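Peer 1: sequence first, predicted coordinates after that:
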Amino acid sequence: METLILILLILAFGFFSFPLYSYFALIGIYSAIFFDVGTVFWAIFIVLAAILLIPTFRIKFITSKIVNFINKNGLLPKISKTEEAALQAGTNWVEADFFKAQVNFKEINAQKVTTLTAEEQSFLDDVVDELCEKTTDWEIFQNRDLSDEVWQFIKDKKFFGMIIPKEYGGLGFSATAHSKVIEKLVSRSQVLAITVMVPNSLGPAELILKHGSQTQKDKYLSDLAIGKLVPCFGLTEPNAGSDATSITSNGVLFKDENGEIKIKLNFEKRYITLGNIATLIGLAFVLKDPEHLLGENEDLGITFAVIDSNTKGIDNSKRHDPLGIPFVNSPLYGKDVIIGLENIIGESEGIGKGWQMLVESLSIGRGISLPSVSLGGSKLALNVVASYSQLREQFGLSINHFEGIEEKIAKIAALTYMLNASRNYTLDAIDDGVKPGVINSIMKYHATEKFRTVINDSMDVLGGSAIIRGENNLLAHAYFALPISITVEGANILTRNLMQFGQGLIKSHPYIYKQITALNSNNVENFDKAFFSHIGLVFSSFCKSFIFYITRANISCQKGNFQRYKQKLTWVSAEFTLLTNVALGILGPSLKKRENISARFGDILSNCYLITATLREFENNPNEEDELLVDYICNYCFNEIQIAREEIITNIGYLDYLLPIFKINPFSVKAKDKLNAKIVKNLSNQDYLQKLTSALFISKNEKDRLTKLQLAVKLNKECESSFKILKDAIKNGTIKKDSPENMTKELLEKNLLSKEEIEKMLEAHALKQEVISVDSFDAKEYKAQK
């Protein structure tokens, strides 16, 4: 019994992360009181205590031996210069806690919430709406471009200058305002959103703003803000896609006839958005100095420059056709293009710093732009599907009453809420000065993948209405465009398999990077501190995981809403930390080469973030109807974590023998079918649906398809009792099933409904038939469609 109590006390010490000396104190005191131990025990005990607790002894007898073993066997992990730049870019944030076996809900809920300024809100409500009213998605597709009027409006209203500070003539918007503008635009047209998004994402404006010289800022930013200069950024090449460090575009330093140092560029780029119409090209290339004009080094590294598109040797005359989506996307070619050092971003100070600039700047596309596009598209899909499914009837019932449809709609609603929550949490952090590189990778991957799920399920629910192209189809073009967002800013396979966990493990783990840098600098003292702190973390995470497993984390004290999910999240965090370090111990540096293992750890890490963001969103905006969505999301994400947990254990060494232990005590299972029905029932409340899909553009033109859909739902709701009387009358044989006109005539004759009720019911029925209709064209018109 005494031994069991001692073990429990040691587990408790580990659970609360007590320091190492406390264990020796516990064992010493406990042994003196309860165990009959002799001199040999105390001699060994004192020697071990001295070696482990006195740093000088520990370094001499243990740490130095470990360092020698690592060096002798070549076990020192290598970090390339490009990896180092990626690690240094951005800051650790909430994801770091998941590597420490802890979740700090107090800090999570304390994250400052960004509110739009009056100017930003006015721009969103008025200027963005005005832009949306000027065009439609169908019109853009038929013209294969934005109209001249729309292009000019975008430039005049400084849509290209949202990220440029006011001192340089831009709008100086917050990341949140930037996101909300893109979110609303995409609900009108993805082409419109992408056109506005790209100049505010990775490109000349951001790069000059962050890294340019004062002369470059004064020269370019004001013209970029008002669209006098249209920018693009040339990075991707035929053999350099996700691996941007493999670019072969090159610039060679030479002296011209006047003795001035110039750069001769040769390049081939592709997939460059706005490339065909750009007047200012941002270009990534490898700079070489074969004549050693600037120093001893010949290879000066990746460098960025800005170039006038009219410069001799540049060809941007061609266009790509990305799945028929008519946003401007192009190849760029350069043959012996001559520029000066003043064209380099940062001028001479920017030579060779292109990769560093890139990894610092990619977060805009990953953390803001692409998630905004996905969120806007998801909100549009949710609104359309939830509305349409109330109007469309099969077998005498609205299709939203069928369980199969309920399942799809509930998932669409839950994923949309989750995307909104994670978008808000991420942007609040960015606006507060955080640069969450790891989380931005998570956002890019999950926003685009979840939108893929949303749009695919939406197409299933809408059926024929979703596959017939035409002015009345609100989702087809989003479906066509989806694979584009999956591939850009780092393909999703790369993002999941290498970036989320691979980058996060070194960057966000509290001790790994410290150990690597200590080994690289041969600093045994620093390695000793980091290594034994790491050991302490592993033991603490084991104790927490064991205790949480036995108790299912019910002993974790949590406050606020959804305490049970918070308890489970602390359990997952503890086990994630333990499993990460066990995998690292077994696989060593090769862990990052095991891409599928890394991907599954990334799944756990990212789902922890999505749960965290969802819980925070509800804490900030509590609403009784949203509780169902939070339940769905948490069960969904915990189930995803459980799947990843099992697959990791199955694929690492002998851990697969432990699989039954983890299967019999899962974190969660998917939500029950009854929850789907409750969510869909709530969505039949139009006010609630509008709240969930807020920020959509709803035209004031009553002929607009989305506007008409909202009106049809409203009218049919108002006539719900009248339609019930009609159905009951048919069922009871009071009237015969016939055309709407004949049936309503009978209802009037038999005084079952008034003339006013019948007129309103016929209006609702006609509008319903109109919104469930699909487009058709005569043969000649069809062949002219684009």
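Peer 2: Thanks, I have the structure now. Residues are numbered from 1 along each chain as shown.

Peer 1: now the helices for the stretch 501-650 of the chain?
Peer 2: All helices of the stretch 501-650 of the chain, identified by DSSP state H, counting those that start in this stretch, fall at 512-520, 524-551, 563-587, 595-620, 626-650.

Peer 1: quick one: which helix or strand includes Glu360?
Peer 2: Using DSSP states H and E, Glu360 falls within helix 354-364.

Peer 1: and Gly313, how far from Ile339?
Peer 2: Gly313 sits 10 Å away from Ile339, taking C-beta to C-beta, to the nearest Å as the criterion. Where C-beta positions appear, they are placed from N, C-alpha and C, glycine not excepted.

Peer 1: Phe531 now?
Peer 2: Phe531 sits 50 Å away from Ile339, going by C-beta to C-beta.

Peer 1: ok, now Val384?
Peer 2: Distance from Val384 to Ile339, counting by C-beta to C-beta: 48 Å.

Peer 1: and Thr612, by the same measure?
Peer 2: 47 Å.

Peer 1: who has more neighbours, the two?
Peer 2: Thr612 (25 against 20; other C-beta atoms under 10 Å).

Peer 1: who are the contact partners of the residue lying closest to Asn716 once chain neighbours are set aside?
Peer 2: Once flanking residues are discounted, Asn716 sits nearest to Ala764: 4.8 Å by C-beta to C-beta, 6 or more residues apart in numbering. Contact analysis of Ala764 by C-beta atoms under 8 Å, 6 or more residues apart in numbering lists Ala712, Leu715, Asn716, Glu718, Cys719.

Peer 1: ditto for Ile725
Peer 2: Contacts of Ile725 (C-beta under 8 Å, 6+ apart): Leu747, Leu752, Leu753.

Peer 1: host element of the first one?
Peer 2: What that stands for is Leu747. In the assignment (DSSP H and E), Leu747 maps to helix 740-749.

Peer 1: list the buried residues of that helix.
Peer 2: Met743, Thr744, Glu746, Leu747 (16 or more other C-beta atoms under 10 Å).

Peer 1: what is it packed up against?
Peer 2: Counting contacts by 3 or more C-beta pairs under 8 Å, 6 or more residues apart in numbering; DSSP states H and E, helix 740-749 packs against helix 720-732, helix 755-771.

Peer 1: surely Tyr636 meets Ala671?
Peer 2: Yes. If you go by C-beta atoms under 8 Å, Tyr636 and Ala671 touch, sitting 6.6 Å apart.

Peer 1: intersection of neighbour lists for these two?
Peer 2: If you check Tyr636 and Ala671 against C-beta under 8 Å, 6+ apart, no residue is contacted by both.

Peer 1: and Thr650, what pLDDT?
Peer 2: pLDDT recorded at Thr650 is 94.

Peer 1: ok, now the one 4 residues further on?
Peer 2: Among the per-residue scores, Tyr654 shows a pLDDT of 82.

Peer 1: now for it, how many residues are close by?
Peer 2: Using other C-beta under 10 Å, Tyr654 has 7 other residues around it.

Peer 1: now Glu349
Peer 2: Residues near Glu349, counting by other C-beta under 10 Å, number 12.

Peer 1: can you check the one 3 residues further on too?
Peer 2: Using other C-beta under 10 Å, the number of residues around Gly352 comes to 16.

Peer 1: list the residues that contact it.
Peer 2: Applying C-beta under 8 Å, 6+ apart to Gly352 gives the contacts Leu287, Leu300, Gly301, Ile302, Thr303.

Peer 1: separation between it and Gly334?
Peer 2: In terms of C-beta to C-beta, Gly352 sits 20 Å off from Gly334.

Peer 1: one more: Asp778?
Peer 2: 47 Å.

Peer 1: looking at the two, which is more packed in?
Peer 2: More neighbours surround Gly334 than the other of Asp778 and Gly334, with 25 against 7 (other C-beta under 10 Å).

Peer 1: what's the domain layout of this structure?
Peer 2: Annotated domains of the chain cover 2-53, 118-198, 231-352, 360-497, 719-771 [automatic domain parsing].

Peer 1: before we move on, what SS does Ile263 have?
Peer 2: Following DSSP: H, G, I helix; E, B strand; the rest coil, Ile263 is assigned to strand.

Peer 1: give the helix, strand or coil label for the nearest residue to it once chain neighbours are set aside.
Peer 2: Among residues not flanking Ile263 along the chain, Gly251 sits closest, at 4.3 Å (C-beta to C-beta, 6+ apart). What three-state DSSP gives for Gly251 is strand.

Peer 1: how many other residues sit next to Gly251?
Peer 2: For Gly251, the count of nearby residues is 26 (other C-beta under 10 Å).

Peer 1: returning to what we had before: just the buried members of the contacts of Ala764?
Peer 2: Ala712, Leu715, Asn716, Cys719.

Peer 1: so how many other residues sit close to the residue nearest to Lys544 when sequence neighbours are not counted?
Peer 2: Spatial nearest neighbour of Lys544, excluding adjacent residues (C-beta to C-beta, 6+ apart): Ala574 at 3.7 Å. Ala574: 28 surrounding residues under other C-beta under 10 Å.

Peer 1: distance of Ala574 relative to Arg600?
Peer 2: According to C-beta to C-beta, Ala574 stands 17 Å off from Arg600.

Peer 1: kindly report the same for Ile641.
Peer 2: Distance of Ile641 to Arg600, computed by C-beta to C-beta: 10 Å.

Peer 1: how about Ile79?
Peer 2: For Ile79, the distance to Arg600 equals 23 Å [C-beta to C-beta].

Peer 1: one more: Ala414?
Peer 2: Applying C-beta to C-beta, the value for Ala414 to Arg600 is 22 Å.
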